[in-house]
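**Student:** sequence and predicted structure, then a few things I'm wondering about:
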Amino acid sequence: MLELDLLLVPFARDVFDSLSRQEQVLYNELLAEEDQDLFSWLMGREEPSRAEFKSIIALILAHNKQTD
């Protein structure tokens with residue numbers, strides 16, 4: 001899904017290496033979720049299935065705002 005790529009690829013390219021090991025694992029686990037769920041969570045339409053995803057979603061969205 002192009003919309004997800006526009007958020008996730010820049011984050012992975014620019015931020016992933018600076019994340020803690022735990023955050024990197026969490027990011028990879030987030031990517032294993034269904035695209036439709038990811039889209040809903042990143043657009044703020046639904047809450048993520050796992051509460052710990054909220055922190056990595058917040059980092060992704062903050063990075064996106066910085067690059068606008």
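**Tutor:** Perfect, thanks for sending it.
**Student:** could you measure the closest residue to Glu46 other than its chain neighbours against Ser18, distance?
**Tutor:** Distances taken as Cβ to Cβ, 6 or more residues apart in numbering put Ser40 closest to Glu46, at 4.2 Å, once the chain neighbours are dropped. Yep, even glycine has a C-beta here, placed from its N, CA and C like the rest. Relative to Ser18, Ser40 is positioned 27 Å away (Cβ to Cβ, to the nearest Å).
**Student:** the two: who's more crowded?
**Tutor:** Ser40 (14 against 8; other Cβ atoms under 10 Å).
**Student:** isn't the residue nearest to Glu46 up against Ser49?
**Tutor:** No: in this structure Ser40 lies outside contact range of Ser49 using Cβ atoms under 8 Å: 10.4 Å.
**Student:** mind listing the helices for the chain?
**Tutor:** Secondary structure of the chain, counting by DSSP state H: helices at 2-14, 21-31, 35-42, 53-67.
**Student:** how about those helices in JSON lines, adding mean pLDDT?
**Tutor:** Listed next are the helices of the chain as JSON lines, based on pLDDT from 0 to 100:
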{"stretch": "helix 2-14", "mean pLDDT": "94"}
{"stretch": "helix 21-31", "mean pLDDT": "97"}
{"stretch": "helix 35-42", "mean pLDDT": "96"}
{"stretch": "helix 53-67", "mean pLDDT": "94"}
